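**Q** I need the structure of the sequence given here:
(chains A and B)
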Amino acid sequence: MTDETHRFTGMYDECRQRVWAYVVSRAGRQVADEVVSETFAIAWRRLDDVPDPALPWLLGVARNVLRDSIRAEARREALAQELRAWTEGDVADQVAERIGVLQALAALPDDDREILVLVAWQGLSPKDAARVVGCSTAAFRVRLHRARKRLKQAMEPAGPSRPQVRNLSEEWS
Amino acid sequence: MNPMDELRAARPAHLGDVPVDEGTRAKELTYAMSRPRPARRRARKLVRPVWGISLAGAAAAVAAATVVVTGTGGTTPRAPDPVAQPGQTATATPTAAKVRLSAREVLLAAAEKAGSQPDEMGAWWHTTSVHRTLFEAAKGGYLVLDQQRSETWTPSATGGDQWGRTRSLGARPATAADEAAWQRAGSPTEIDVKVWRKLGGMRLSTSPGKPSEGHTPLVDGDKVFWLGRNVTMKELRALPSDPGELKAWLLRSYKGHDTETSSIPMGSDAWLFRVSTGLITDMPVTPEVRAAAFRMLADLDSVEVIENVTDAEGRQGTAVAVEEKLKDGVLENRLIFDQETGRTRATESVVVEPGGAQAAFEPGTVWNSVAVLEAGWTDSRS
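**A** Okay, the predicted model is just below:
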């Protein structure tokens, strides 16, 4: 049991902030702590099922918690606020040239953004990321390819009719 | 630059690898670990709820709940173990000796006393205990004792919540020698300690913390404790008070393996010792049943008795002990009780052969303990 407590806290220390960052990128900061807390409560309950490395599994659980327990409306509002924060640079050490990339990312459909964040910010392999979003690795590669293309397009200066961040809320159901 | 690289470089700082703040960490860990796990996997959770206990406390609580008999028993007398004196966490006096041959008598005497304790049910079964766990400082070569006070209220009625309140009493260097080393290290008030198998380590504060409170619904609405399986208050109160019948009742849940995992085989004596220690220490069974549990232990061959033991609160008592062989190292798990009343004073885990999580500790060191300050019925939860 001691072993398990150690294993659990070790897993928490290793992964907590990355789970949090993932949730923030999906649903904003307001709901992130709640989702993270629930995610690790589930991980504790199901510790015997948690693989090593645990991160992809935890992200998958967080994804389900987000879907099942956070009202779409709350998530939508919180995310819109988070994305505005990225693009308006209210984060203290935001560098100007990065804002363009973040604006492009914020403007992408939700699914694209999730895929890109899992790979670029969470550092997951396509195989692990596919597990998080629940598709085959092959399908994930295709989706990643398309998302990258759309990101590149959105990054082009004066790209055609870049959607506004607020319009993203329509992506949520 | 390729868009993915640009994206990588553009990650907002707050989504980067910044450490989680200590308060959030403590809150989330305790929230997670306060949840009972499914009976099949983690039913013991019910025995010692750990709401709000900081990580160290939780570790202590669960570790202390682990008591395994692996000795083969027998009657060969054994020389007294060398007993270290880790600061105020004295274990036994240097003269303490294992008195194998009187184990049965001592337990039967305890049974007599336990059986005559008053018992009037109230709205809540309330326990207060102090959990102590020894850690090795990450730097400076000294040992630190983490101390957590923990209270639990278990409702006698079904359908309610079990409540817990915990408070860190602050960590401190374990012994005078440890204190000197701690001072040489600059007397840090925040001490980084090693946690076995690396996994990040942990930071302990020497200052007492704020109390934190939590509650969780009873499992299935009515299960209050774990006794081989999850049991209701009604079942707990109706346990047989005949030692043989109690043993048979308990063994119905015995499946030949460890209480924590089905992959480790465990003998029935070892299993019974673990389960009945919980019964004697934590649970609101009737005095007659507590007496029956002592009598049942008296019939287990592998149980030893150690007299004149001092618990972490400085109280004298008599210990029933069993050895637990781990993958690395050997522990001795003790149930210390007051011979005058048959009431539990503490459970302790003593290093016999260092190894694994206890590799840093000398033989004879109490590496964790739970001292019971109070266990009884009450009508108010405050």
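**Q** which of the residues in stretch A:136-147 are buried?
**A** For stretch A:136-147, a neighbour-count test (16 or more other C-beta atoms under 10 Å in any protein chain shown) marks A:F140, A:R143, A:L144, A:A147 as buried. C-beta here means a position set from N, CA and C on the backbone, and glycine is covered the same way.
**Q** what average pLDDT does that stretch get?
**A** Here stretch A:136-147 scores 92 as its mean pLDDT.
**Q** return the distance of that stretch from the chain's centre.
**A** 16 Å (C-alpha atoms, centre = their mean, to the nearest Å).
**Q** identify the residue of chain A closest to chain B, quick one.
**A** A:G10 (2.3 Å; C-beta to the nearest C-beta).
**Q** who touches the residue lying closest to B:G356 once chain neighbours are set aside in this structure?
**A** Spatial nearest neighbour of B:G356, excluding adjacent residues (C-beta to C-beta, 6 or more residues apart in numbering or on different chains): B:D328 at 3.8 Å. For B:D328, the contacting residues are B:G355, B:G356, B:A359, by C-beta atoms under 8 Å, 6 or more residues apart in numbering or on different chains.
**Q** what strand or helix carries B:D328?
**A** If you go by DSSP states H and E, B:D328 is not part of any helix or strand.
**Q** what does the one 3 residues further on give?
**A** With elements delineated by DSSP H and E, B:L331 resides in strand B:330-337, which encompasses its position.
**Q** touching that strand from outside, list them.
**A** Contacts for strand B:330-337 (C-beta under 8 Å, 6+ apart): B:66-68, B:81, B:110, B:277, B:280-281, B:306, B:309, B:311, B:317-324, B:343-353, B:355, B:358, B:367.
**Q** in stretch B:241-250, what counts as buried?
**A** B:S241, B:P243, B:L246, B:K247, B:W249, B:L250.
**Q** quick check, nearest of those to B:W182?
**A** Here the nearest of the buried residues of stretch B:241-250 to B:W182, counting by C-beta to C-beta, is B:L250; it sits at 44.8 Å.
**Q** OK, contacts around the closest one?
**A** Going by C-beta under 8 Å, 6+ apart, the list of residues near B:L250 reads B:L227, B:G228, B:L272, B:V275, B:S276.
**Q** of those residues, the lowest pLDDT goes to which?
**A** B:G228 (78).
**Q** show me the helices in chain B, by range?
**A** B:3-9, B:22-33, B:39-42, B:55-64, B:103-115, B:176-184, B:233-237, B:243-251, B:268-282, B:287-298 (DSSP state H).
**Q** so which of these is the most surrounded?
**A** helix B:55-64 (a mean of 28; mean count of other C-beta atoms under 10 Å in any protein chain shown).
**Q** the spatially most central residue of chain A sits in which helix or strand?
**A** Nearest to the geometric centre of chain A sits A:Y22, at 3.3 Å (C-alpha atoms, centre = their mean). Assigned by DSSP H and E, A:Y22 belongs to helix A:2-27.
**Q** that helix to helix B:22-33, inter-axis angle?
**A** 110 degrees (axes from the mean of the first three to the mean of the last three C-alpha atoms, to 10 degrees).
**Q** quick check: mean pLDDT of helix A:2-27?
**A** 86.
**Q** just checking, what packs against that helix?
**A** helix A:29-45, helix A:55-69, helix A:72-88, helix A:110-120, helix B:22-33, helix B:55-64 (3 or more C-beta pairs under 8 Å, 6 or more residues apart in numbering or on different chains; DSSP states H and E).
**Q** distance to B:V372 added to these, as a markdown table?
**A** A markdown table is the format used below for these (distance: least, C-beta to C-beta, whole Å):
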| stretch | distance to B:V372 |
| --- | --- |
| helix A:29-45 | 26 |
| helix A:55-69 | 36 |
| helix A:72-88 | 44 |
| helix A:110-120 | 49 |
| helix B:22-33 | 21 |
| helix B:55-64 | 11 |
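**Q** pLDDT on stretch B:351-362, on average?
**A** 84.
**Q** so where's chain A uncertain?
**A** Within chain A, the stretches with pLDDT under 70 are A:1-3, A:89-97, A:157-173.
**Q** sorry, slip of the keys, the one I care about is chain B.
**A** Using pLDDT under 70, chain B drops low at B:1, B:35-102, B:196-201, B:257-267, B:270.
**Q** what about the strands in it?
**A** In chain B, the strands defined using DSSP state E lie at B:124-136, B:143-155, B:161-168, B:172-173, B:190-193, B:202-205, B:212-217, B:223-226, B:230-232, B:304-310, B:316-325, B:330-337, B:344-353, B:366-378.
**Q** what residues does B:R8 make contact with?
**A** Taking C-beta under 8 Å, 6+ apart as the test, what B:R8 contacts is A:A120, A:W121.
**Q** please repeat the previous calculation with a cut-off of 6 Å.
**A** Contacts for B:R8 (C-beta atoms under 6 Å, 6 or more residues apart in numbering or on different chains) come out as A:A120.
**Q** what's the answer for B:V224, then?
**A** B:V224 touches B:T154, B:M233, counting by C-beta under 6 Å, 6+ apart.
**Q** any idea how far chain A is from the residue nearest to B:G356?
**A** Distance, B:D328 to chain A, by C-beta to the nearest C-beta, to the nearest Å: 11 Å.
**Q** how about B:D311?
**A** 20 Å.
**Q** test my guess that that residue contacts B:A371.
**A** Yes - under the criterion of C-beta atoms under 6 Å, B:D311 makes contact with B:A371 at 5.4 Å.
**Q** give the residues shared as contacts by these two.
**A** With C-beta under 6 Å, 6+ apart, B:D311 and B:A371 have common neighbours B:A346.
**Q** neighbour-wise, which of the two wins?
**A** A direct count of neighbours by other C-beta atoms under 10 Å in any protein chain shown for B:D311 and B:A371 places B:D311 higher, at 28 against 24.
**Q** which residue packs closest to the more buried one, ignoring adjacent ones?
**A** The nearest residue in space to B:D311 (C-beta to C-beta, 6+ apart) is B:A346, at 4.0 Å.
**Q** for the residue nearest to the centre of chain A, what are its contacts?
**A** A:L59.
**Q** one more pass at 10 Å, please.
**A** The contact partners of A:Y22, by C-beta atoms under 10 Å, 6 or more residues apart in numbering or on different chains, come to A:15, A:32, A:35-36, A:39, A:55, A:58-59, A:62-63, A:66, A:114, A:117-118, A:121-122, A:124, A:132, B:15.
**Q** of the contacts of strand B:330-337, buried ones?
**A** B:66-68, B:81, B:110, B:277, B:280-281, B:306, B:309, B:311, B:317-324, B:343-353, B:355, B:358, B:367.
**Q** who does B:F225 bridge with?
**A** B:V231 (DSSP bridges).
**Q** residues near it, how many?
**A** 26.
**Q** do the same with B:K210
**A** 8.
**Q** what's the closest residue to B:G221 other than its chain neighbours sitting at in phi/psi?
**A** Leaving aside its sequence neighbours, B:G221 sits nearest to B:G159 (C-beta to C-beta, 6+ apart; 5.3 Å). Backbone torsions of B:G159, given as degrees, to the nearest 10, read phi 80, psi 0.
**Q** need the contact list for B:G159.
**A** By C-beta under 10 Å, 6+ apart, the neighbours of B:G159 are B:P217, B:L218, B:G221, B:D222.
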